[in-house]
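Asker: model this:
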Amino acid sequence: MAKVKIEGIEVLQKQLKKNMSKDEVKRLIRSEGAKLQGKAMREADFKGHYEWEAGKGMVFKPQTGNLRRNIQLDIVDGGMTAEVYSTAEYAPYVELGTRFMEAQPYLKPALEKQKSSFQKEMRKLVK
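Answerer: Residues are numbered from 1 along each chain as shown. Next comes the predicted model:
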């Protein structure tokens with residue numbers, strides 16, 4: 001009968017616990033979420049839009065900075081999820097466009113730029 005002796009199991013268990021520390025994961029999620037929020041705010045370069053006004057017809061409304069100021073970061077699920085969004089009521093129309101206005105995406109481009117950084121940092125945590 002073959003025998004297997006594992007040496008250093010305590011060290012391995014300690015390293016695994018260290019590498020998978022939820023506190024470190026939560027710290028990373030908060031940090032990367034904040035970076036995503038910053039990128040979204042920089043990407044939110046809303047150029048204004050046309051809006052229907054009674055008696056005036058289509059009137060151009062210039063940017064006010066409201067969309068950028070209302071980009072929020074919430075940490076939920078006990079610190080395991082970062083949510084970045086805008087509370088401006090017209091935010092989805094800017095991101096996706098309408099039949100009167102071309103899309104001016106700000107969240108998706110920010111996410112695409114931040115995604116690889118987040119993945120790289122998560123890999124470091126689990127090594």
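Asker: alpha carbons only for contacts and neighbour counts from here, please
Answerer: Noted.
Asker: so the closest residue in space to Glu53 that isn't next to it in sequence bridges to which residues?
Answerer: In space, and not counting its chain neighbours, Glu53 is closest to Val59: 6.6 Å by C-alpha to C-alpha, 6 or more residues apart in numbering. Val59 has these beta-bridge partners by DSSP bridges: Glu51.
Asker: ok, now which ones touch Val59?
Answerer: Tyr50, Glu51, Trp52, Glu53 (C-alpha atoms under 8 Å, 6 or more residues apart in numbering).
Asker: where's the residue nearest the centre of the chain, which helix or strand?
Answerer: Note on the chain: the residue nearest the mean C-alpha position is Leu36, at 4.2 Å, using C-alpha atoms, centre = their mean. According to DSSP states H and E, Leu36 maps onto helix 22-43.
Asker: returning to that earlier point: from Lys127, how far off is the residue nearest to the centre of the chain?
Answerer: 24 Å (C-alpha to C-alpha, to the nearest Å).
Asker: same question for Val25.
Answerer: Val25 is 13 Å from Lys127, by C-alpha to C-alpha.
Asker: state the distance from Pro22 to Gln72.
Answerer: Slight slip there: residue 22 is Lys, not Pro. According to C-alpha to C-alpha, Lys22 stands 23 Å off from Gln72.
Asker: these two: which is more packed in?
Answerer: Looking at Lys22 and Gln72 with other C-alpha atoms under 10 Å, you find the greater number of neighbours at Gln72, namely 16 against 13.
Asker: for Ser31, see how far away that one is.
Answerer: 14 Å.
Asker: likewise for Glu53?
Answerer: 43 Å.
Asker: ok, these two, which is more surrounded?
Answerer: Higher neighbour count among Glu53 and Ser31: Ser31, with 14 against 10, using other C-alpha under 10 Å.
Asker: list the buried ones in stretch 53-71?
Answerer: Buried residues in stretch 53-71, counted by 16 or more other C-alpha atoms under 10 Å: Leu67, Arg68, Ile71.
Asker: so which strand or helix has Leu111?
Answerer: Going by DSSP H and E, Leu111 is in helix 107-126.
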